[in-house]
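A.B. asks: Give me a 3D structure for the following:
(one chain, ligands or ions: 1)
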Amino acid sequence: MKFIEARRIRNLPPYLFARIEQAIAAKKAEGVDVISLGIGDPDLPTPDRIIEEGARELHNPANHQYPSTAGLAAYRQAVADWYGRRFGVSLDPEKEVVSLIGSKEGIAHLPWCYVDPGDVVLVPDPGYPVYGAGTILAGGETYYLPLTAENGFLPDLAEIPDTVAHKAKVIFINYPNNPTGATASKEFFAQVVDFARRHEILVCHDAAYSEIAFDGYRPPSFLETPGAKEVGIEFHSVSKTYNMTGWRAGWAVGNADAVQALGRLKSNLDSGVFQAVQYAAIAALNGPRDEVQALCELYRERRDLVVDTLNGLGWRLEKPRATFYIWAPVPSGHTAVSFAERVLEKAGVVVTPGTGYGARGEGYFRISLTLPAPRLVEAMQRIRDCLDRVTL
Ligand code: MLT
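C.D. replies: I've put the predicted structure just below:
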C-alpha cells in the first residue's frame, strides 16, 4: 500500500540535523573517527545538583501522573522570578508564562495559533529551520528576511514591502543569533516593537542563547524593550544554559493573549512536561550564577581556540560575543555544501553548511563549540591538513 502524504508534509524536508546524523553514521560505518562540529548540543553534563533534584522527584509517585499542561505553578513562578532577577522583567506566572517541551516545540506550534493558510510569516534567513517548518505546517507563507554581514546579521525592517508587512501575522527574530552568533542592541529591539505595532504583527523572539555570552556582554531580553509585551513573546529553555537539551524543558513568556493561545493549543496536543523534569528545571533556574559563568568561560576558551586557528589559516573572523557558534565564510571556489562535504570526506570533520539555515547561508559554514578542547584542536588540525591553501 502506498499512502499519499498530505501536501503540508510533502514539502517538509527531514530536519537538518537528522540529515547530518545520517552522513555521520555513514562515515562512522566506514571506520572513520568522525569529529562533529555540527549540532549545538552541549557536551558537558547537566550539573549534579540539578540531576539530584530530578532524581528525587522521579521517585515521587505524584509526578508519575499527567503533568499540568501549562506547567506547575512552581515552574511558572521560577521562570517569572528568573526573568525578574536576570532581566528586570516582571511576568505574571498565571497569564504570561507557559511551559514548553523545549522551546523548539513551542516555536513549531506557535504559527498554528495565528497563521491561516496564505498568511505571511517573516522568517530570518539564515535562521533556525523550525521557524520555516512551523510556518509551512500551519499553511502559512514564509517571507525571508536576509541577514547579511553588512547589516550585522540583523533584518532590515525598512526593506520589508508594506504589501508584505500588511499580510504578515508573525515575525521571528533570534538574538544572540543562531547560526551567525550576532547580537542585537536594545535600539534594534525598539525598532522591532515599532514595526510590529504599526503592522499588527506578533513578534516571536527566540532567546535560547541569552546566557551564553562572553567578554562581559550580557544579552538583553526582547521583553525589556518598552512596549514589547504588547506585541511579543519570547521563547527560552534550560537546554543551552544548563546542558539540558535532552530533558526538554522550555517556556514561552510575554504577551498574555499569545501565551494563553499557545497554552490552549498545547492542551489539545500534548500533556505537558514530565513533572520531575520541571522540578529539575526549577533547581536549574534557582542555581548560582557562577555555574553559568564558568560554562561561558569554557566556551570562550574554545571560541578563542577555533577563531585564532582559523584566522591563522587565512580567515579574518571577529570573535562572537555570544552563542557557542562560529559562522565563517567558506574558502573561495567552494559552496557551503562542497566545503562541508570536503572536510567530512578528507578530514572526517562535520561542519554545518550555511545553506542548512536558508539560501542566504550560501557561502558560509557553522562550527559548534560543543566539544572538549582536545577534540576541537584535533578537528582544527585535520581541517588545516585537508585545505591546500585558504583564499577567501
Ligand atoms: C543547532 O545546532 O542549530 C541547534 O542546536 C539545533 C536545535 O536546537 O534543535
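
A.B. asks: Quick check: Arg76 is in a helix.
C.D. replies: Yes: under DSSP: H, G, I helix; E, B strand; the rest coil, Arg76 falls within a helix.

A.B. asks: now the end-to-end length of stretch 83-95.
C.D. replies: The first and last residues of stretch 83-95 sit 15 Å apart, counting by Cα to Cα, to the nearest Å.

A.B. asks: Pull the residues that contact it.
C.D. replies: Applying Cβ atoms under 8 Å, 6 or more residues apart in numbering, the contact partners of stretch 83-95 are 73, 76-77, 79-80, 97, 220-221, 223-224, 253-254, 256, 259-260. Just so you know, the C-beta spots here come from the backbone N, C-alpha and C atoms, and that holds for glycine as well.

A.B. asks: give me that answer again for 6 Å
C.D. replies: Arg76, Gln77, Ala80, Val97, Ser221, Leu223, Glu224, Val253, Ala256 (Cβ atoms under 6 Å, 6 or more residues apart in numbering).

A.B. asks: Run a quick neighbour tally on the nearest residue in space to Gly102 that is not next to it in sequence.
C.D. replies: Spatial nearest neighbour of Gly102, chain neighbours left out: Arg248 (4.2 Å); criterion: Cβ to Cβ, 6 or more residues apart in numbering. Look at Arg248: counted by other Cβ atoms under 10 Å, it has 19 neighbours.

A.B. asks: where does Ile171 land in three-state SS?
C.D. replies: Classified using three-state DSSP, Ile171 is strand.

A.B. asks: is it true that it touches Leu202?
C.D. replies: No: contact status for Ile171 versus Leu202: not in contact, 7.5 Å apart, counting by Cβ atoms under 6 Å.

A.B. asks: What backbone torsions are found at the residue nearest to Gly102?
C.D. replies: When read as degrees, to the nearest 10, the backbone of Arg248 gives phi 60, psi 70.

A.B. asks: just checking, Leu100 touches Ala108?
C.D. replies: No: judged on Cβ under 6 Å, Leu100 makes no contact with Ala108 at a distance of 9.9 Å.

A.B. asks: In this structure Ala280 contacts Ile51, no?
C.D. replies: No: assessed by Cβ under 6 Å, Ala280 is found out of contact with Ile51, at 7.2 Å.

A.B. asks: who has more neighbours, those two?
C.D. replies: Ala280 (26 against 15).

A.B. asks: thinking again about what came up before, which ones among the contacts of stretch 83-95 map onto strands?
C.D. replies: Applying DSSP state E to the contacts of stretch 83-95, the entries found in strands are Val97, Val253.

A.B. asks: So which of the contacts of stretch 83-95 is surrounded by the most neighbours?
C.D. replies: The most neighbours of any of these, using other Cβ under 10 Å, belong to Val253, which has 29 neighbours.

A.B. asks: wait, what's in contact with that one?
C.D. replies: Neighbour list for Val253: Leu91, Glu96, Val97, Glu234 [criterion: Cβ under 6 Å, 6+ apart].
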